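> got a sequence here, can you model it:
(3 chains)
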Amino acid sequence: MLMTPDTLLTAAVTILSVLFVFYTGIVVAQMRGKHSITAPAVTGHPEFERAYRVQVNTLEQFVIFLPLLWLATIYFKLLPWLPALLGLVWIIGRFLYMRGYLAAAEKRSNGFLITALATLGLLILSVWGLITTWMAVTAV
Amino acid sequence: MLMTPDTLLTAAVTILSVLFVFYTGIVVAQMRGKHSITAPAVTGHPEFERAYRVQVNTLEQFVIFLPLLWLATIYFKLLPWLPALLGLVWIIGRFLYMRGYLAAAEKRSNGFLITALATLGLLILSVWGLITTWMAVTAV
Amino acid sequence: MLMTPDTLLTAAVTILSVLFVFYTGIVVAQMRGKHSITAPAVTGHPEFERAYRVQVNTLEQFVIFLPLLWLATIYFKLLPWLPALLGLVWIIGRFLYMRGYLAAAEKRSNGFLITALATLGLLILSVWGLITTWMAVTAV
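Numbering: from 1, shown residues only, chains lettered A, B, ... in the order given. Purely as a prediction, here's the structure:
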């Protein structure tokens, strides 16, 4: 099951999303340098604080996203490429969230919304997939 | 192995736990509104700060909980429904932790303890399951 | 596939890494006591703040590390024990990071670098494994 082309697509999207999470940390490190904010401080300049919030919020969303991405991939078999596609939408939403938030706190909403819709889609596919798998497995 | 009824229970508990993690973020957003704390600030009112700590602490506990939940589900076969049950206890403990902490910082201990015991249980099942699987796999 | 000796090694490393993540939280709790910093505050003494940064940074790195560790284990089959070994290096790097950072913020770099190299290695194995698996799966 982990060797189907659709699962490999999800694995590729996982790698991309992990790279994005790593990138949010690099931006924080850059802002530390730019605004001379020495560790362990996480406050001191609004732009640094926005970059730090991008990182922490992305972390919060990522631990929700990743389990749903894989549950949807494993259990939802109607359109097996859809979870990976929603995963790609999630990454794009996060990029827009980051770009918006770094510009101004009010500009973070659109990207956040795209991310949230992708997560909601994966949630629906996961629940759908679980129910149909449950019915198939327990059917006599 | 991922299609057994017990694994599907664990998948269902995973979805519930992910929804709880998402909910901790919604409470933070509500407290932002209630106490007029504008992003990117994460301080400014004790109730907001407690809600934020609930979210971050839940994140910390969740990344410990989820791998152990799945390792126990995959490798511990003596009572295959037990990992999912402990996962449910974890979620209940987190609800009590949240309710307690939002009321007062001192009231967070009971919920935290229930969560920690559920995690400890999953740790024991994971280690047990790994050892017994190792012995079965390497036995000639 | 989840029952091979090499996968069991990765599962064992996962348990060790989860224990380390838990340990970073225990150190934060100890520092709360030592410097009388009452929850929900996360500032108040440099040593406490360094311990808190160790915990949060480890969390950030852990959610990158764990998916790559498992993708490498599942898809990279050339040296199947290598992902688990890199996982062990990651844990050692994190220990050094913690010890260094608790002593002084400037001393966190070596441990961080070891962690980052282990993560980079797992990234390379994951991409390599995905590509070779893709070619094997889609080959006629």
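> for the rest of this, base every contact and every neighbour count on C-alpha atoms.
Will do.
> distance check, A:Leu82 against chain C.
From A:Leu82 over to chain C the distance is 18 Å, taken as CA to the nearest CA, to the nearest Å.
> got a list of what that residue touches?
Counting by CA atoms under 8 Å, 6 or more residues apart in numbering or on different chains, A:Leu82 makes contact with nothing.
> just A:Ile124 next, same as before
Applying CA under 8 Å, 6+ apart to A:Ile124 gives no contacts.
> which ones are touching the residue nearest in space to the middle of chain A?
For chain A, the residue sitting closest to the mean C-alpha position, by CA atoms, centre = their mean, is A:Phe62 at 4.4 Å. By CA under 8 Å, 6+ apart, the contact set of A:Phe62 is A:Val21.
> please apply the same query to A:Trp81.
With contact set as CA under 8 Å, 6+ apart, A:Trp81 has these partners: A:6, A:9.
> that older thread, which SS class is the residue nearest to the centre of chain A?
Three-state assignment for A:Phe62 (DSSP: H, G, I helix; E, B strand; the rest coil): helix.
> what does chain A put close to chain B?
Within reach of chain B by CA under 8 Å from any CA of the partner chain, chain A has these residues: A:46, A:49-50, A:53, A:60-61, A:63-64, A:67-68, A:71, A:105, A:123, A:126-127, A:130, A:133-134, A:137-138.
> I'd say A:Leu66 and A:Ile15 touch.
No. Look at A:Leu66 against A:Ile15 with CA atoms under 8 Å: they stay out of range, at 10.8 Å.
> what is the neighbour count of A:Pro5?
Per other CA atoms under 10 Å in any protein chain shown, the neighbour tally for A:Pro5 reads 17.
> sorry, wrong one. I was asking about A:Ala118.
Using other CA under 10 Å, the number of residues around A:Ala118 comes to 23.
> and it, what element?
helix A:109-138 (DSSP states H and E).
> in that helix, which residues are buried?
A:110-116, A:118-119, A:121-123, A:125-131, A:133-134 (16 or more other CA atoms under 10 Å in any protein chain shown).
> centre of the chain to it, how far?
In terms of CA atoms, centre = their mean, to the nearest Å, the centre of helix A:109-138 is found 14 Å from the chain centre.
> swap in stretch A:86-99?
Relative to its chain's centre, stretch A:86-99 lies at 7 Å (CA atoms, centre = their mean).
> same check on stretch A:130-139?
Distance, centroid of stretch A:130-139 to centroid of chain: 28 Å (CA atoms, centre = their mean).
> dump that stretch to PDB, keeping only the CA atoms.
Provided in PDB are the C-alpha atoms of stretch A:130-139 (Å, rounded to 0.1, in the frame of the first residue of the first chain):
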ATOM      1  CA  LEU A 130     -12.200   5.600   7.500                       C
ATOM      2  CA  ILE A 131     -16.000   5.000   7.300                       C
ATOM      3  CA  THR A 132     -15.800   3.300   3.900                       C
ATOM      4  CA  THR A 133     -12.800   1.200   5.000                       C
ATOM      5  CA  TRP A 134     -14.600   0.300   8.200                       C
ATOM      6  CA  MET A 135     -17.700  -0.900   6.300                       C
ATOM      7  CA  ALA A 136     -15.500  -2.900   3.900                       C
ATOM      8  CA  VAL A 137     -13.500  -4.500   6.600                       C
ATOM      9  CA  THR A 138     -16.300  -5.400   8.900                       C
ATOM     10  CA  ALA A 139     -18.700  -6.500   6.200                       C
END
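> which other residues reach it?
Contacts to stretch A:130-139, defined as CA under 8 Å, 6+ apart, come from residues A:75-76, B:3-5, B:8, B:11-12.
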